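*Asks:* sequence unavailable; structure follows:
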């Protein structure tokens, strides 16, 4: 009997958490920053986007280089090393760009967001905002949410672009693939809507998910050091798993066999 | 005719008295009950805060004094009863109206709750920038006046991390009075303060209340300090109000519970031991649940 009681209680608790998170997302979506809060949003773009650039560029570069190296060793067996360019580009634009960027974004920016908001809660800064008649959703959550939504697709595009350059460095400059075929076959193969746009859509969806989870986990964190630590860990774990699961769903919808 | 006029005059006089009494009450809590999960914090309590007065709310730690302030501020909702501030029922107004009403009240948090990423000046300027369209030069003047009032004009450019505990609380006080609220709620303003800082805060609360014509609610367990400045005091314990009155009336109270609190006795109606099985039973490994429930029943029966 206790099993059912516990199961029911856990289900209700989870449903309540989903409801609260949805209300917070709803508030953030419709609390588009006011004119006076635009500097806050720009500052958050700097914190979440610009400060994530280093990890995104370095990761993108090495992933592109590794892909070119691995791809070349396979393609050269079939005399198809000229297809290295499209292979690197399609893999990055369709999959690795959005997915790896989102995973890095969750680790770098998502965890920082959760910790920051959790600490604001623990030090009563969110309560003091409410008591000063300032809505924390509008003042704290919305600028971070919109800044993340703007930053995430840009980071994914930068990741893919740097990855393609990394592939060029290894494939063309090091392994001797023809530069003309690297770029021209890529240009002929990659489609704007099917590949580039779908990749951007993926990154927007992943960005929304990461930001939603990170902001909610911070907002609902138990205001103790242990609570904030747990919330931060949960942000990274839940975001990463959700990104990977959603990637499969989105890939099936976008590129699935008809 | 004369009798009729006398009756009318008497009625008008009575109404004026009632209105005066009503208009003198800034916060009116009636039959309020509040629980958190299954734990009852308040059971059917009523209290009033008069305009322009300092009202102290005292009680042992963990009794829910801060919770009371959050209920008045509309951050928590009671399960029953009403909380009226300046004629508006805080828990039935719309969210938009609640935020408008909150502009008339302010709260000094126990930790100060200063924004750690901006300077003391910007902290005090924050509510002005959010809620007014004053020019930066006027905001500068107002902030400096508020900081002068709490003795921290020289610390305007410091970051909150560079302030001592007492200074942080004074900076937070400057921020709390930035918009000249009608009501200011102090949450444990004296906790963890050295005697000098405590003396400064006591004086500040009294002076600000008089100079700015504020109404203050001071939640604390520092009995001596708060009774020096309070006009009226409530003592909370056992989920309800166990004593109220002017400081003189409180001190003269014959209630054992009130006297235990005022004199700081370790044991009395509020027991020293948290309900637990008897030590002998616990050591002998008897059923802890039975013993605990017996112990709780005894403890509650004894009160």
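*Replies:* Happy to help now that I have it. Fair warning: this is a prediction, and the values are worked out from it, not measured in the lab. Numbering: from 1, shown residues only, chains lettered A, B, ... in the order given.
*Asks:* from residue B:236, how far off is the closest residue to residue B:242 other than its chain neighbours?
*Replies:* Distances taken as CB to CB, 6 or more residues apart in numbering or on different chains place residue B:257 nearest to residue B:242, at 4.8 Å, with adjacent residues excluded. C-beta here means a position set from N, CA and C on the backbone, and glycine is covered the same way. Per CB to CB, to the nearest Å, residue B:257 is found 11 Å from residue B:236.
*Asks:* what is in contact with the two at once?
*Replies:* residue B:242 (CB atoms under 8 Å, 6 or more residues apart in numbering or on different chains).
*Asks:* point out where chain A drops to low pLDDT.
*Replies:* Flagging of chain A using pLDDT under 70 yields the residue ranges A:1, A:30-34, A:257-258.
*Asks:* now the stretch 1-150 of chain B
*Replies:* B:1-23.
*Asks:* so after the helix or strand hosting residue B:146, what's the next helix or strand?
*Replies:* In the assignment (DSSP states H and E), residue B:146 maps to helix B:136-149. Following helix B:136-149 in sequence order, the next helix or strand is helix B:165-176 (DSSP H and E).
*Asks:* what's the angle between that following helix and helix B:136-149?
*Replies:* 140 degrees (axes from the mean of the first three to the mean of the last three CA atoms, to 10 degrees).
*Asks:* so after helix B:165-176, what's the next helix or strand?
*Replies:* Moving toward the C-terminus from helix B:165-176, the next element (DSSP H and E) is strand B:183-187.
*Asks:* mind checking the SS state of residue 244?
*Replies:* With no chain named, the answer covers chain A. The assignment at residue A:244 comes out as helix when based on DSSP: H, G, I helix; E, B strand; the rest coil.
*Asks:* please go with chain B instead
*Replies:* strand.
*Asks:* quick check: it vs chain A, distance?
*Replies:* Taking CB to the nearest CB, to the nearest Å as the measure, residue B:244 falls 25 Å from chain A.
*Asks:* ok, that residue - contacts?
*Replies:* Per CB under 8 Å, 6+ apart, neighbours of residue B:244: B:47, B:232-235, B:250.
*Asks:* now intersect the residues you listed with the strands, please.
*Replies:* B:47, B:232-235 (DSSP state E).
*Asks:* so the residue nearest to the spatial centre of chain A is in which element?
*Replies:* By CA atoms, centre = their mean, chain A has its centre lying nearest to residue A:102, at 2.4 Å. Using DSSP H and E, residue A:102 maps to helix A:97-105.
*Asks:* chain A contacts on the stretch 101-250 of chain B?
*Replies:* B:102-103, B:105-107, B:109-111, B:113-116, B:126-127, B:129-131, B:172, B:175 (CB under 8 Å from any CB of the partner chain).
*Asks:* tell me which residues touch the residue nearest to residue A:160 when sequence neighbours are not counted, please.
*Replies:* Excluding the flanking residues, the one nearest residue A:160 by CB to CB, 6+ apart is residue A:97, at 3.6 Å. Residue A:97 sits next to A:60, A:156-157, A:159-160, A:163, A:199, A:203 when contact means CB under 8 Å, 6+ apart.
*Asks:* at 7 Å what do you get?
*Replies:* A:156, A:159-160, A:163, A:199 (CB atoms under 7 Å, 6 or more residues apart in numbering or on different chains).
*Asks:* drop anything exposed from the residues you listed.
*Replies:* The neighbour-count test (16 or more other CB atoms under 10 Å in any protein chain shown) applied to those identifies A:156, A:159-160, A:163, A:199 as buried.
*Asks:* for residue A:106, state which of the contacts of residue B:244 is nearest.
*Replies:* residue B:47 (48.0 Å; CB to CB).
*Asks:* hmm, back to that, can you tell me which two in the contacts of residue A:97 are farthest apart?
*Replies:* Most distant of these, by CB to CB, are A:163 and A:199, 11.6 Å apart.
*Asks:* re the thing from before, for the closest residue to the residue nearest to the centre of chain A other than its chain neighbours, grab the count of nearby residues.
*Replies:* Nearest residue to residue A:102 in three dimensions, chain neighbours excluded: residue A:206, at 3.5 Å (CB to CB, 6+ apart). Residue A:206 sits with 27 neighbouring residues when counted by other CB atoms under 10 Å in any protein chain shown.
*Asks:* and residue A:206, what element?
*Replies:* helix A:198-219.
*Asks:* against which helices or strands is that helix packed?
*Replies:* Using 3 or more CB pairs under 7 Å, 6 or more residues apart in numbering or on different chains; DSSP states H and E, the elements in contact with helix A:198-219 are helix A:2-30, helix A:97-105, helix A:111-122, helix A:142-168, helix A:225-255.
*Asks:* now the angle from the longest one to helix A:198-219?
*Replies:* Okay, so that is helix A:225-255. 160 degrees.
*Asks:* hmm, helix A:225-255 touching chain B?
*Replies:* No: against chain B, helix A:225-255 shows no contacts by CB under 7 Å from any CB of the partner chain, the least distance being 14.5 Å.
*Asks:* distance between that helix and the chain's centre?
*Replies:* The chain centroid and the centroid of helix A:225-255 are separated by 9 Å under CA atoms, centre = their mean, to the nearest Å.
*Asks:* show me what counts as buried in that helix.
*Replies:* A:228, A:230-232, A:234-236, A:238-240, A:242-243, A:246-247, A:250.
*Asks:* between these, which is nearest chain B?
*Replies:* Closest to chain B out of the buried residues of helix A:225-255 is residue A:228 (14.7 Å), distances taken as CB to the nearest CB.
*Asks:* the closest one contacts residue A:122, correct?
*Replies:* Yes: with contacts counted by CB atoms under 7 Å, residue A:228 reaches residue A:122, the gap being 6.5 Å.
*Asks:* rewinding a little: neighbour count added to the ones in strands among the contacts of residue B:244, as a markdown table?
*Replies:* Conversion of these to a markdown table gives the following (neighbours: other CB atoms under 10 Å in any protein chain shown):
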| residue | neighbour count |
| --- | --- |
| B:47 | 19 |
| B:232 | 19 |
| B:233 | 22 |
| B:234 | 24 |
| B:235 | 24 |
